[in-house]
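Undergrad: One predicted model, sequence on top.
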Amino acid sequence: MTSDSTTWDAHDYAQHSSAQLKWARELITKLHLRGDESLLDIGCGNGRVTAEIASLLPDGYVTGIDSSPDMIKLAENTFPHHIFTQLYFTRMDAREINFINRFDIVFSNATLHWVKDHNPVLSGIYRALKNKGRFLLQMGGKGNAADMVKTVESVMAKKNWRKYFTGYKFPYRFYDTDEYAKLIKETGLTANRIQLIPMDMVHGSKDELAGWFRTTWHPYSEKIPVHCRDEFINEVITTYLQKYPPEKDGQTHVNMVRLEVEGCKI
């Protein structure tokens, strides 16, 4: 994961990121890997997706980067290099990629919406790619989780919570297609496809939805004192489900929008 200033609970995230994993696997199929490529995974998190990519590259290798030291530590402990010899992890911010002409492919899933300014990210991707190298990025796009955002903001505005959010700024950046096309052009890359894709995030229960919120919306919850943080999260989730109730089997839904960008370095 990458963000301007946030702390990740790597083990908690690993337990509540099933939707992100499902979407990552779907995205991997779009890479159409031969098996001998070198690939950079931006925002590798706990390394599970990175390791799955490495298993598809018997004659290649994958380097996963993440700004969170806890995530990198978990990835290295779970997938040690002496066993997973085609797999490397290193702590690196997406805005500070320093590889030069190293990779055939740059990949990123569910990470880059944490970065406000993508100019340094795309410049780093350009430098990291070999000539004729390609990239595939997926992140939150314009309109992503809009119903949950509205719910959180309504709870934040309540009397017992508003004091903790004085001067608070929205922690994510959800680009639209026109904005991103301009950024791609400015950094010298060529986009073959820039697409906003509506997606349904499903959780099996209220508790699972709360776990997802706790582990990925922590820029909000960490503003709350620890002793009443669970109360805040429960109020957000309860308020959300009052308006968007779960199905009879308990499943909950959040409307998401992913920005998917595919292109190359000519």
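TA: Structure's in. What do you need?

Undergrad: Show the model's pLDDT score for the residue of the chain most remote from its centre.
TA: Distance to the chain centre peaks in the chain at residue 159, reaching 31.7 Å (criterion: C-alpha atoms, centre = their mean). Note on residue 159: pLDDT of 97.

Undergrad: do the one 3 residues further on as well
TA: Per-residue confidence at residue 162 stands at 97 (pLDDT).

Undergrad: swap in the one 10 residues further on?
TA: With respect to pLDDT, residue 172 has a value of 95.

Undergrad: so how far is residue 232 from the residue nearest to it when sequence neighbours are not counted?
TA: Spatial nearest neighbour of residue 172, excluding adjacent residues (C-beta to C-beta, 6 or more residues apart in numbering): residue 113 at 4.8 Å. From N, CA and C alone the C-beta is placed, and that goes for glycine too. Applying C-beta to C-beta, to the nearest Å, the value for residue 113 to residue 232 is 22 Å.

Undergrad: same thing with residue 72?
TA: In terms of C-beta to C-beta, residue 72 sits 29 Å off from residue 232.

Undergrad: Would you mind listing the buried residues in stretch 119-133?
TA: Residues of stretch 119-133 classed as buried: 121, 122, 123, 124, 125, 126, 127, 128, 129, 133 (neighbour count, 16 or more other C-beta atoms under 10 Å).

Undergrad: Among those, which ones are in helices?
TA: Using DSSP state H, the subset of the buried residues of stretch 119-133 located in helices is 121, 122, 123, 124, 125, 126, 127, 128.

Undergrad: Out of those residues, which is nearest to residue 31?
TA: Closest to residue 31 out of these is residue 125 (15.0 Å), distances taken as C-beta to C-beta.

Undergrad: Please enumerate the strands of the protein.
TA: Per DSSP state E, the chain carries strands over the ranges 38-42, 61-66, 87-91, 103-109, 129-140, 190-203, 252-264.
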